[in-house]
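Participant: generate a structure from the sequence data that follows.
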Amino acid sequence: MDISSIVATQPGAASPSTRIAADFDTFLTLLTAQLQNQDPLDPLDTDKFVSQLVEFSSVEQSIQTNRNLETLIGLQSAAQTANALALLGETVVFAGDRAVAEGGAAEWRYAVPEGASAVALTVVDSGGRIVAQSAGSSASGEHAFTWTGGTEGAVYRLGVAAVDRSGASLAASVRSVADVTSVSTVGGAPRLTTALGDIAPGDVTRVIANR
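Facilitator: So this is what the prediction gives:
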């Protein structure tokens, strides 16, 4: 008697845990019947039955493990969504070089590594045309940069070039700044909606509260 033959006869509508319970009951019924009607001169192979009992137990434990994992994933998703809702209405900083001009101003953050002696900032429009250039702070760390003169609602990009005293280039980075206007869930994962598009909560590097 093989487990696969028992499972194949069960309806497909039941859940895995329900099917394994029904299969196990069927297995025990067949086992009892065969033991009662076995030939004393040719007894059944008990090792095979023990092996199948172990297999049933293993499958049942796997189903229970999967169920526990699904519960943990659900709890984690709920916690992530709750954390994301706390950012609703806040101003967040995240990796990116874009900014939307609001009230005639576009705002970024840029980070400069240690050893910089000069930093140049370049603002370009959506067509790639340079619309402004400025010297930035060479102090290490994150700095704010606001450029006025942009078209309301237009998107601009900021480029940062940093060099050391020998003129060698250093790796500087740019970060976008935007308000979180709504929170949604996509595929079980929370997403923050901003004027620059949706971002994941994990992309946020800084929260600027009550601006």
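
Participant: tell me the SS of Ala84?
Facilitator: When states are read from DSSP: H, G, I helix; E, B strand; the rest coil, the local structure at Ala84 comes out as helix.

Participant: the most centrally placed residue in the chain and Val93, how far apart?
Facilitator: By CA atoms, centre = their mean, the mean C-alpha position of the chain lies nearest to Ala189, the distance being 5.9 Å. The gap separating Ala189 from Val93 is 20 Å, by CB to CB, to the nearest Å. Backbone N, C-alpha and C define where each C-beta goes, glycine included.

Participant: same check on Ala154?
Facilitator: If you measure Ala154 against Val93 using CB to CB, the figure is 20 Å.

Participant: those two: who's more crowded?
Facilitator: Val93 (20 against 14; other CB atoms under 10 Å).

Participant: list the contacts of that one.
Facilitator: Residues counted as contacts of Val93 (CB atoms under 8 Å, 6 or more residues apart in numbering) are Arg109, Arg175, Ser176, Val177, Val204, Thr205, Arg206, Val207, Ile208.

Participant: next step: those residues restricted to strands.
Facilitator: Mapping those onto strands (DSSP state E) picks out Arg109, Arg175, Ser176, Val177, Val204, Thr205, Arg206, Val207, Ile208.

Participant: for Thr181, give me the pLDDT.
Facilitator: Model confidence at Thr181, expressed as pLDDT, equals 92.

Participant: please name the bridge partners of the closest residue to it other than its chain neighbours.
Facilitator: In space, and not counting its chain neighbours, Thr181 is closest to Thr193: 5.2 Å by CB to CB, 6 or more residues apart in numbering. For Thr193, the beta-bridge partners under DSSP bridges are Ser182, Asp198.

Participant: name all residues that make contact with Thr193.
Facilitator: Val180, Thr181, Ser182, Val183, Ser184.

Participant: what's the helix or strand for Glu152?
Facilitator: Secondary-structure assignment from DSSP states H and E places Glu152 in no helical or strand segment.

Participant: need phi/psi at it.
Facilitator: According to degrees, to the nearest 10, the main-chain angles of Glu152 amount to phi -50, psi 130.

Participant: so Gln64 lies in a strand, does it not?
Facilitator: No - Gln64: not assigned to a strand; according to three-state DSSP it is helix.

Participant: for Gly187, see how far away it is.
Facilitator: Here Gln64 is placed at a distance of 25 Å from Gly187 (CB to CB).

Participant: which parts of the protein are strands?
Facilitator: According to DSSP E, the strands that the chain contains are 91-95, 98-100, 105-112, 118-124, 130-136, 141-148, 155-163, 169-170, 173-179, 182-186, 189-194, 197-199, 204-208.

Participant: mind giving me JSON lines with those and columns for distance to Gln38?
Facilitator: Supplementary listing: the strands of the chain in JSON lines, determined by distance: least, CB to CB, whole Å:
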{"stretch": "strand 91-95", "distance to Gln38": "71"}
{"stretch": "strand 98-100", "distance to Gln38": "78"}
{"stretch": "strand 105-112", "distance to Gln38": "78"}
{"stretch": "strand 118-124", "distance to Gln38": "86"}
{"stretch": "strand 130-136", "distance to Gln38": "88"}
{"stretch": "strand 141-148", "distance to Gln38": "80"}
{"stretch": "strand 155-163", "distance to Gln38": "81"}
{"stretch": "strand 169-170", "distance to Gln38": "83"}
{"stretch": "strand 173-179", "distance to Gln38": "76"}
{"stretch": "strand 182-186", "distance to Gln38": "58"}
{"stretch": "strand 189-194", "distance to Gln38": "57"}
{"stretch": "strand 197-199", "distance to Gln38": "67"}
{"stretch": "strand 204-208", "distance to Gln38": "69"}
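
Participant: much appreciated, bye for now.
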